[in-house]
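1. Pasting the sequence and the predicted model now:
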Amino acid sequence: MKSIDKTPVDQEGNVCDLKLAVCDPKELYEKLTDDRSGIVGRKRELKLILSAICSGKSILLEGPPGTSKSTILHELCCSLGLCLFYCEGNADLTASKMVGYFDPAAVLQTGYVPENFNEGVLTRAMGSGGILYIEDINRVPPDALNALVTVLSEREVHIPRYGMIKAHGDFRVVASLSIFDSLGPVKLSRAILDRFVKIKLDYQSEEEEKEIVNRVTQIDAPWLVDLGVKIGRATREHPDLKVGASIRGAIDFARLASDEIRFNSSLQLQDHLLQIAYLAFSAKIKRKPTCELTEEEIIEELFRTAMMGGSLDELLKRRAEDKGEDAQMSFVRGPEPDWDLVDAIREKRLLKLKQIAEEGDMGATKLGQALSKIPDKSMFQDVFQGPLAPELYVLIRQALEKRRKALARELATQVILDRAQNMTFFGLRDGDRKRFRFDGDGVIDIDRTVENIVEKGPRNVEPDDIIVTKRERVKRACLLMIDASESMLKEKLGLAALAAAVISLKYSSRNDFYGVVAFHSKPFLLKQIDHDTPVDKVIEYILTLEASSLTNYYSAFKEASTEFSKITSFKKEIFLMTDGVWTYGEDPIPFIQNNANISRVNVLYLDPGNLQFAKELAYKGQVIKIDGWPSIVRGINRIMNTPY
């Protein structure tokens, strides 16, 4: 096997021109922290990055957007005279785009010679000795990530018919990991993470952010820079916001506001600047589901507070005073409270609270009433923003005061959504690879194409002669059927809500259809299969389900068939969450087996129950035993990756 070493050597065979081998880290650090550098601050992080780079390590930069990840790498490459190869992580990135491919037309003319190989971004970086920067590596599909494993550990990659490429001595890999990215992220495997060192980048100090905005915008209006930075930083600390604005919000505000002042000299300047604040910040923040204000109302609050020279703490204090809320922990007048319970709530000992709630109706009532009496809304929110929020909610919901019950349900919904987003999109195969005639899409199958042309004899190559492989995606429609009988409620209700969230995220990302049906003695639709209902609303519907002692599978499957009849040309499958205890109605098995609208039935089985009947319900599908949150995601992944 041919080996191609990309490290440059002189006439005597000695390694030469290795910039990282001869660079002085201290001198480079002083250059990057100089006032003329494009980097502001980041002295601690720069030392760590330079240490890793000079030691030959691959780096994973973790942090929110706008924390100077790409700026640092650009300045580093400019200082060293290295090339920066940029690779954007997205679902369209393939292994061939990273590694490279042979030009089919050239192969037909002269064969598999090195000149006919088109390098990908990975092999170009390996050859020239630059830094390969993979932005948002958590959005790169697993197939493409697999091409990195050998490169990261052995600094080489094997390409069939081309040979083994060994990396230039200056080649390094740096990847970024966005902590706020929820657009179909892929969980990085242990094999990938084990080959990186991780450096965290957080938002910088207020003075450093002002300096960044000044350098980028170069406007002669320090007060506008101060105002933009103050608003941006306040969004990150605001209790009603899940995600605050990065430094880009302050940069956009300063630029737009500077232009507004130049072209508008009216007395209504403050109103114009408020509109600029809406433009600059509203798309960069994300509210918590419990927030009662819109993005614009929050921005207006922060803008007017900053204009008056106030702080976020003062704003929140005024708001609390307006609502008449006490900032201290206290209970309304009534019976003497259980002080052990008070301490557990104050200290957020969630396991202790869950144990109390599991002590039967008396424990659930005691905890629910205590939580309902807390005037401090933030302390109540702390309890229901923890990892046990869904379990706590379903155990004590009947004992909560009406408004607190609604708030707890919203908070539990967000915990379920966050958990689903963090656990979903791991290893999902979107269809199976099949061969097709070339239609402008797909990866060319060189071997089959050449064989096809040779069989037809000498002539000009036509597009129909080219064979490509691509994933043929199975168009799917799914119904989640939730058994809402008495034995399936309480903690199992939280598992059903997670299943709905996972299915929603998976099917929505594929632009497929999904619906949700709950049933006991009769079925009722929580989400119609052809309606676009927000997933948080679906979860809230599930968390409000009331129990019945009867379980009628027949009527539920009949309702599912009616929903499936609304759509055509789809594989139609059911995820049935149940304990398999049938107590009412006709036998559902003959109906399932003779129904053209149902392609297969998969059972998400919860103990204790009737496992044998659950297996009979699983028509052409699987029975997955559910014993906790992770098994939900593993089970749904396994089912969706199983071909029909």
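-> Received, thanks. Numbers count the residues shown, from 1 in each chain.
2. any idea where the helices of the stretch 51-200 of the chain begin and end?
-> In the stretch 51-200 of the chain, the helices defined using DSSP state H, counting those that start in this stretch lie at 69-80, 95-99, 104-110, 121-128, 142-146, 149-154, 190-193.
3. Indicate which one of those is closest to residue 514.
-> Closest approach to residue 514 among those (Cβ to Cβ): helix 142-146, 23.3 Å. Glycine gets a C-beta too; all of them are placed from N, C-alpha and C.
4. Give me the contact list for that closest one.
-> 93-95, 97-98, 137, 186, 188-189, 192, 427 (Cβ atoms under 8 Å, 6 or more residues apart in numbering).
5. counting contacts, what elements does the lengthiest helix in the chain pack onto?
-> Determined from DSSP state H, the single longest helix within the chain is helix 402-423. In terms of contacts (3 or more Cβ pairs under 8 Å, 6 or more residues apart in numbering; DSSP states H and E), helix 402-423 is packed against helix 361-372, helix 377-384, helix 389-396, helix 491-509, helix 535-543, helix 629-640.
6. Include distance to residue 262 and mean neighbour count when you put those into CSV, please.
-> Formatted as CSV, the helices and strands packed on helix 402-423 follow (distance: least, Cβ to Cβ, whole Å; neighbours: other Cβ atoms under 10 Å):
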stretch, distance to residue 262, mean neighbour count
helix 361-372, 54, 18
helix 377-384, 43, 18
helix 389-396, 50, 25
helix 491-509, 44, 23
helix 535-543, 43, 21
helix 629-640, 53, 19
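7. Show me the shaky parts of the stretch 1-150 of the chain.
-> 1-22 (pLDDT under 70).
8. Strands of that one, start to end?
-> For the stretch 1-150 of the chain, the strands defined by DSSP state E, counting those that start in this stretch cover 3-5, 58-63, 84-88, 100-102, 117-119, 131-135.
9. same question, the stretch 451-600 of the chain
-> 467-472, 476-483, 513-519, 523-527, 571-578, 600-605.
10. related to what we said a few turns ago, can you redo the helices of the stretch 51-200 of the chain as a markdown table with distance to residue 537?
-> Listed next are the helices of the stretch 51-200 of the chain as a markdown table, based on distance: least, Cβ to Cβ, whole Å:
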| stretch | distance to residue 537 |
| --- | --- |
| helix 69-80 | 36 |
| helix 95-99 | 39 |
| helix 104-110 | 50 |
| helix 121-128 | 42 |
| helix 142-146 | 32 |
| helix 149-154 | 41 |
| helix 190-193 | 35 |
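11. Can you tell me which of those is nearest to residue 223?
-> Of all the helices of the stretch 51-200 of the chain, helix 69-80 sits nearest to residue 223, with 25.4 Å by Cβ to Cβ.
12. got the angle between the closest one and strand 84-88?
-> Between the axis of helix 69-80 and that of strand 84-88 there is an angle of 160 degrees, by axes from the mean of the first three to the mean of the last three Cα atoms, to 10 degrees.
13. how far out from the middle of the chain is helix 69-80?
-> Remark: helix 69-80 is offset 27 Å from the chain centroid, using Cα atoms, centre = their mean, to the nearest Å.
14. got the angle between that helix and strand 58-63?
-> Using the same axes, to 10 degrees: helix 69-80 against strand 58-63 is 140 degrees.
15. For helix 69-80, enumerate the helices and strands it packs against.
-> Under the contact definition 3+ Cβ pairs under 8 Å, 6+ apart, helix 69-80 sits against helix 25-32, helix 43-54, strand 84-88, strand 131-135, strand 172-178.
16. Export these to TSV and append columns for mean neighbour count and distance to residue 478.
-> Formatted as TSV, the helices and strands packed on helix 69-80 follow (neighbours: other Cβ atoms under 10 Å; distance: least, Cβ to Cβ, whole Å):
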stretch	mean neighbour count	distance to residue 478
helix 25-32	15	52
helix 43-54	17	45
strand 84-88	17	31
strand 131-135	24	33
strand 172-178	24	29
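17. what would those look like in JSON lines with distance to residue 536?
-> Listed next are these as JSON lines, based on distance: least, Cβ to Cβ, whole Å:
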{"stretch": "helix 25-32", "distance to residue 536": "45"}
{"stretch": "helix 43-54", "distance to residue 536": "36"}
{"stretch": "strand 84-88", "distance to residue 536": "30"}
{"stretch": "strand 131-135", "distance to residue 536": "29"}
{"stretch": "strand 172-178", "distance to residue 536": "22"}
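18. how about these, which one is nearest residue 287?
-> Distance to residue 287, taken as Cβ to Cβ, is lowest for strand 172-178 among these, at 19.3 Å.
19. Let's test this: mean pLDDT of that closest one, rounded?
-> Throughout strand 172-178, pLDDT has a mean value of 86.
20. thinking again about what came up before, now the strands of the stretch 451-600 of the chain in TSV, with distance to residue 492 and mean neighbour count?
-> TSV is the format used below for the strands of the stretch 451-600 of the chain (distance: least, Cβ to Cβ, whole Å; neighbours: other Cβ under 10 Å):
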stretch	distance to residue 492	mean neighbour count
strand 467-472	35	16
strand 476-483	9	25
strand 513-519	12	24
strand 523-527	16	19
strand 571-578	8	24
strand 600-605	10	24
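21. Turn those into TSV, columns for mean pLDDT and distance to residue 621.
-> Shown next, in TSV, are these (pLDDT from 0 to 100; distance: least, Cβ to Cβ, whole Å):
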stretch	mean pLDDT	distance to residue 621
strand 467-472	64	21
strand 476-483	89	12
strand 513-519	91	16
strand 523-527	91	19
strand 571-578	91	7
strand 600-605	93	4
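22. Go through these and name the closest to residue 153.
-> Proximity to residue 153, assessed across the strands of the stretch 451-600 of the chain by Cβ to Cβ, is greatest for strand 467-472 (27.9 Å).
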